[in-house]
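J.: Sequence plus predicted model, see below.
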Protein chains: 4
Amino acid sequence: MARTIGSHGPKTMEAIRKAGLKLIYEHGFEAMSLRQLASEVGIQVGSLYNHITTKEDLLYDLIKAHMDDLFAQFDEVRAEGRDKGPVERMRDFIAFHVTYHILRKREVFIGYSELRSLEPNHYEEIVALRRQYERHLIDILRQGEALDLFRCGDASVAAYGILSMLTGVCTWFRPHGRLSKEQVISTYSDLVLNGLMPPSR
Amino acid sequence: MARTIGSHGPKTMEAIRKAGLKLIYEHGFEAMSLRQLASEVGIQVGSLYNHITTKEDLLYDLIKAHMDDLFAQFDEVRAEGRDKGPVERMRDFIAFHVTYHILRKREVFIGYSELRSLEPNHYEEIVALRRQYERHLIDILRQGEALDLFRCGDASVAAYGILSMLTGVCTWFRPHGRLSKEQVISTYSDLVLNGLMPPSR
Amino acid sequence: MARTIGSHGPKTMEAIRKAGLKLIYEHGFEAMSLRQLASEVGIQVGSLYNHITTKEDLLYDLIKAHMDDLFAQFDEVRAEGRDKGPVERMRDFIAFHVTYHILRKREVFIGYSELRSLEPNHYEEIVALRRQYERHLIDILRQGEALDLFRCGDASVAAYGILSMLTGVCTWFRPHGRLSKEQVISTYSDLVLNGLMPPSR
Amino acid sequence: MARTIGSHGPKTMEAIRKAGLKLIYEHGFEAMSLRQLASEVGIQVGSLYNHITTKEDLLYDLIKAHMDDLFAQFDEVRAEGRDKGPVERMRDFIAFHVTYHILRKREVFIGYSELRSLEPNHYEEIVALRRQYERHLIDILRQGEALDLFRCGDASVAAYGILSMLTGVCTWFRPHGRLSKEQVISTYSDLVLNGLMPPSR
DNA sequence: CATGAATGAGGCTTCATTCAT
DNA sequence: CATGAATGAAGCCTCATTCAT
C-alpha cells in the first residue's frame, strides 16, 4: 500500500480506508466499485490512485491492518496470562475475542469473507496469520487437557468450534441491543468452560 | 425461475444449476460471470436465458432449493423427536445439522455468504426461513431450561453460538481428512451438552 | 436492444478490419482508440469484442494477413522465375515489390511501423516472415555475383539498401500524381541494375 | 520549449531530453507516458512541467534540435563542396548522410516516425526543413545530369530512392556488428554512382 | 524547483441482457 | 432451444496536465 507522505495526503488515505471498510462491509469487495468508493470519499476515481496501487491492494491493506491490530492487542492478553492456568486463560481469550469482534465487526467480517479476493501471496500471508492466532487457542486447550482440567474430543475440532461460536457474534450482535457485551461474554464463557470441563468429578 | 419443460431442456437446466453452484462457491456470486457459467455448461451465454430469467434469479433458485431441502430433511428429524426429551432432541439436531452441512457445504456456504446479492423480496424470504430454522434450536433450549436440564444464560445467544459452531464445520471439514463425521458430531455433542448442563453438584 | 443499421457477422468483421487499417495508418496503432474504431464501423465499443479478442490481436491479424498476401503473390513471381537469370529475376522482383507496395501502401506501412506494438510471439513470427522475404532478394544478388553479372560489396547490405529504396515508394507515391507506377519501376530498375552491374570493361 | 535558466535546471532539462529520446525511440511517442519519463529522469511527474510545457512540445524540441544539427553539420559539407563536381559531391553526401544516420539513429528514427504526433504548425515546419534537405540531393542529381555524368529517369524519384536506401541504414546497422561504417558507405557509394552513371561510354 | 495530490477525460475490456435467425 | 451479434453501462486503471505547498 502506497502511503504517500504529504500535507493533506494522509487525511485522504484515511478517508479512503474508512470508506473502503464501510463499502466492502456493506456490499462486498467485488460488488464495491471504485466509483462508489471515490464518491464516498469525495474525490475523482483517478485520484484514488494517488493513494492506492490497486483495488486488491486496498483490501489487503485493510485486512492486514486488522490482523496486525488483532495481534497487537492479543499480545497484551497473552503477556498477562503467562502465569495463569488454562481456565483463566480461556476466560481471558473469550473476553478478548468477543470484545474485539464486537468492536471491529466490519474488519473481522471482511477478514473472513473477502479472503478469496486476495492475490495468492497476500492470501497465504493472511491465512498464515490466522492459523497462528488459532494455535493460541489450541495451546490453551492442550494445556487444559494436560492438567486434566479440560476434556475435549479433539483439540483442533474444539478450537474451530469455539472460534466459530465466538466469531459468530459479529453477525448478530447489535451495540445497543437487548444484550450487553458482558452478558454475551458471560454466557459464552460458561457454555465453553462447562463444555470443556469433565462433567463428573 | 423459468423451468422450461422440453426434450433436453431439464438436463441443461440441471447442468446450469450444478455449474452455478460450483462457480458461485469458488468465486462468489459477484465474481462469477455468466460467460464463465455458460462456458462451464458448454453453451453460449445467450442460451442461458432460455433457462434462467436473471443472474440473481439463479442465485435465488439455488438458495431457495437448498432451504427447501434443509427443511424437508429436518422435518423428518422433528417428526421422530416429537416424544423425546431436550437432550436427545439436541443430540439429533447436532447430528442432523453437522451432517447436512458437511454434505451440502457449497449450498450452505452460498446460503450464508451471498444473501446480500439477493433482491429485497428474495432476501426477506430466505432470512425468514433461516429464522424459522433457528427457532427450532431455541425451542429445544427453552424446553431444556423449563425441565431444568439446560442452563444457558440467554437462549438466543446460546442458540446463535451453537449454530455458529456447528455451521463452521463446512469451512474446515475435509471429507477424507483426519476426522470422521462421527467424531466431529461426538465432539460437538459433548461440548454443547456439557456446556448446557449445569455442572454436577 | 434492437440492432441498428448494420451488418452481420463476417460483414462486421470485414468492416472492422477495413476501418482498423485506415485508422492505424492515419493515426498509428497506439493513437487509435477503440472508440474511434467502433464509431467508424458504426457499432458500440463493446461490440467490437464479438469479433476481436484484443486490440493487439487486430493489429496482428492485419499484419499477418498482409504478410500472407505478400507471400501468396510473390510465390507466383518466384514460380515464373525458376529458369530465369538474375537480371530478369531482379527486374521481376522490383516490379512486383513496387507494385505491391503501391497498391497496399497502408498495410505495408503498418507492417513496418507498428511491429513494436505486437506481443513478443507475434513480433517474432512477423519478423521471421520478413527475413524470409528478404532472403529471396539476397539469393538473387548471390546468384548474380556467382555468375559475375552483379558486383555488390556485401549482399545483405545491398539487399537492405535496395529494399529500403523500393519500400520507400509507399511514403511518397501518389496514385494519380505526376509519375506512373511504370515510370517508377523503370527508374528504379535502371538505378539498381546499373548499380549492381560492374562498370563497363 | 521553456528552457528555464537556473542552478541545476539545465542539467535536469538535459536529462529529460536524453530520457525522452531513449523512451520515444524504444516505445514510440504515444506509448511513452510522462510517468515513465519522470521515473527515468528520477523526478516526479509534476516536476517535468518546470521544464517542458507539453508532451508534444518535448517531441518537437527533440526533432527540431535534430534537424538543426543535421543542417549545421551538413552546411560544412556543402561549404567544402562548392567547387567540386557532382560525383564527388554525391560521394560526400552519401558519406555524410550515412555517418549522421548511424551516429544519431534514434533522433533520425523519431524524426521520421513520430512526425504525425506533432501539432500542425510544428509538423509543417519540420516537413519544410526535410524538403529543403532533400532538395540538396536533387540539386546534385540535376547538376550531374546537366553535365551528362548522371542519367536518372526522374531526379526526384531517384532522390527519394537514394534517400530511402541511405536512411534505411539506421534500422539495421549495429555499431559493432559485422560491417564497419566505411564498408557500408563504400558499398552504397558504388551502388548509387554506378546506378547513376550511364553504363555505356 | 520539486513535490504530492487533484482533476477529468479517456484507455481497453467485461458485464448482464436482448433478440433475430 | 441454441446461436452469435448487438447494446449500453460499467469495470479498473492510466493519462496529461495543474497547482498549492
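T.: That came through, no problem.
J.: Could you report the pLDDT at A:Pro199?
T.: We note a pLDDT of 62 for A:Pro199 in this prediction.
J.: If you could redo that for A:Cys152, that was the one I meant.
T.: On pLDDT, A:Cys152 comes in at 87.
J.: could you measure it against A:Ser33, distance?
T.: Distance of A:Cys152 to A:Ser33, given as C-beta to C-beta, to the nearest Å: 45 Å. Every C-beta, even on glycine, is put in place using the N, C-alpha and C of the backbone.
J.: Could you list the residues of chain A in contact with DNA strand F?
T.: With C-beta under 7 Å from any atom of the strand as the criterion, chain A meets DNA strand F at residues A:7, A:32-36, A:45-46, A:49, A:54-56.
J.: Which one's more surrounded, A:Cys152 and A:Ser33?
T.: The neighbour comparison of A:Cys152 against A:Ser33 (other C-beta atoms under 10 Å in any protein chain shown) goes to A:Cys152, with 23 against 13.
J.: Specify the local secondary structure of A:Tyr112.
T.: Assigned by DSSP: H, G, I helix; E, B strand; the rest coil, the conformation of A:Tyr112 is helix.
J.: That one touches A:Gly168, doesn't it?
T.: No: using C-beta atoms under 8 Å, A:Tyr112 makes no contact with A:Gly168, being 10.7 Å away.
J.: neighbour count winner among the two?
T.: A:Gly168 (20 against 14).
J.: who touches the residue nearest to the spatial centre of chain A in this structure?
T.: In chain A, the residue lying closest to the centroid (C-alpha atoms, centre = their mean) is A:Val108, at 3.8 Å. By C-beta atoms under 8 Å, 6 or more residues apart in numbering or on different chains, the contact list for A:Val108 reads A:66, A:100-101, A:167, A:170.
J.: now, which of these sits nearest DNA strand E?
T.: The shortest approach to DNA strand E among those belongs to A:His66, at 22.9 Å (C-beta to the nearest atom of the strand).
J.: what's the closest non-adjacent residue to that closest one?
T.: Once flanking residues are discounted, A:His66 sits nearest to A:Glu107: 3.8 Å by C-beta to C-beta, 6 or more residues apart in numbering or on different chains.
J.: Tell me if stretch A:10-17 is near DNA strand E.
T.: Yes: Stretch A:10-17 is in contact with DNA strand E by C-beta under 7 Å from any atom of the strand, via A:10, A:12.
J.: Go ahead and name everything in contact with that stretch.
T.: Contacts of stretch A:10-17 (C-beta under 8 Å, 6+ apart): A:3-4, A:37, A:41-43, A:47-48, A:50-52, A:58, A:61-62, A:65.
J.: quick one: average pLDDT of it?
T.: The model assigns stretch A:10-17 a mean pLDDT of 93.
J.: Now do the buried residues in that stretch.
T.: A:12-13, A:15-17 (16 or more other C-beta atoms under 10 Å in any protein chain shown).
J.: among the contacts of stretch A:10-17, which ones are buried?
T.: Among those, those classed as buried by neighbour count (16+ other C-beta under 10 Å) are A:37, A:41, A:43, A:48, A:51-52, A:58, A:61-62.
J.: Now do the helices in chain A.
T.: With helices called from DSSP state H, chain A shows them at A:9-27, A:34-41, A:55-80, A:86-103, A:105-113, A:120-146, A:155-167, A:169-172, A:181-196.
J.: Comparing those helices, which stretch has the densest surroundings?
T.: Compared across the helices of chain A, helix A:155-167 shows the largest average neighbour count, a mean of 23 (mean count of other C-beta atoms under 10 Å in any protein chain shown).
J.: now that one: how far from the chain's centre is it?
T.: Centre-to-centre, helix A:155-167 and its host chain are 14 Å apart (C-alpha atoms, centre = their mean, to the nearest Å).
J.: That one vs helix A:105-113, what angle?
T.: 140 degrees (axes from the mean of the first three to the mean of the last three C-alpha atoms, to 10 degrees).
J.: Helix A:155-167 vs chain B: in contact?
T.: Yes: under the criterion of C-beta under 8 Å from any C-beta of the partner chain, chain B is reached by helix A:155-167 at A:157-158, A:160-167.
J.: Tell me the one of the residues you listed nearest chain D?
T.: A:Thr167 (43.2 Å; C-beta to the nearest C-beta).
J.: wait, doesn't the closest one sit right on B:Ser164?
T.: Yes: here A:Thr167 reaches B:Ser164: they are 6.9 Å apart, a contact under C-beta under 8 Å.
J.: residues near A:Tyr49, how many?
T.: For A:Tyr49, the count of nearby residues is 13 (other C-beta under 10 Å).
J.: Would you mind measuring from the residue nearest to the centre of chain A to D:Thr99?
T.: Noted for A:Val108: a distance of 71 Å to D:Thr99, by C-beta to C-beta.
J.: next one: A:Thr187
T.: Going from A:Thr187 to D:Thr99 by C-beta to C-beta gives 90 Å.
J.: residues making contact with stretch A:84-101?
T.: Under the criterion C-beta under 8 Å, 6+ apart, residues A:70, A:73-74, A:77, A:80-81, A:108, A:136-137, A:140-141, A:143-144, A:147, A:149-150, A:163, A:166-167, A:169-170, A:181, A:184-185, A:188-189, A:192-193, A:196 lie in contact with stretch A:84-101.
J.: possible to save the residues of chain A next to DNA strand F as a markdown table with pLDDT and distance to B:Arg174?
T.: Shown next, in a markdown table, are the residues of chain A next to DNA strand F (pLDDT from 0 to 100; distance: C-beta to C-beta, whole Å):
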| residue | pLDDT | distance to B:Arg174 |
| --- | --- | --- |
| A:Ser7 | 38 | 52 |
| A:Met32 | 97 | 32 |
| A:Ser33 | 97 | 36 |
| A:Leu34 | 97 | 37 |
| A:Arg35 | 97 | 40 |
| A:Gln36 | 96 | 37 |
| A:Val45 | 97 | 42 |
| A:Gly46 | 96 | 45 |
| A:Tyr49 | 97 | 41 |
| A:Thr54 | 96 | 32 |
| A:Lys55 | 97 | 32 |
| A:Glu56 | 97 | 28 |
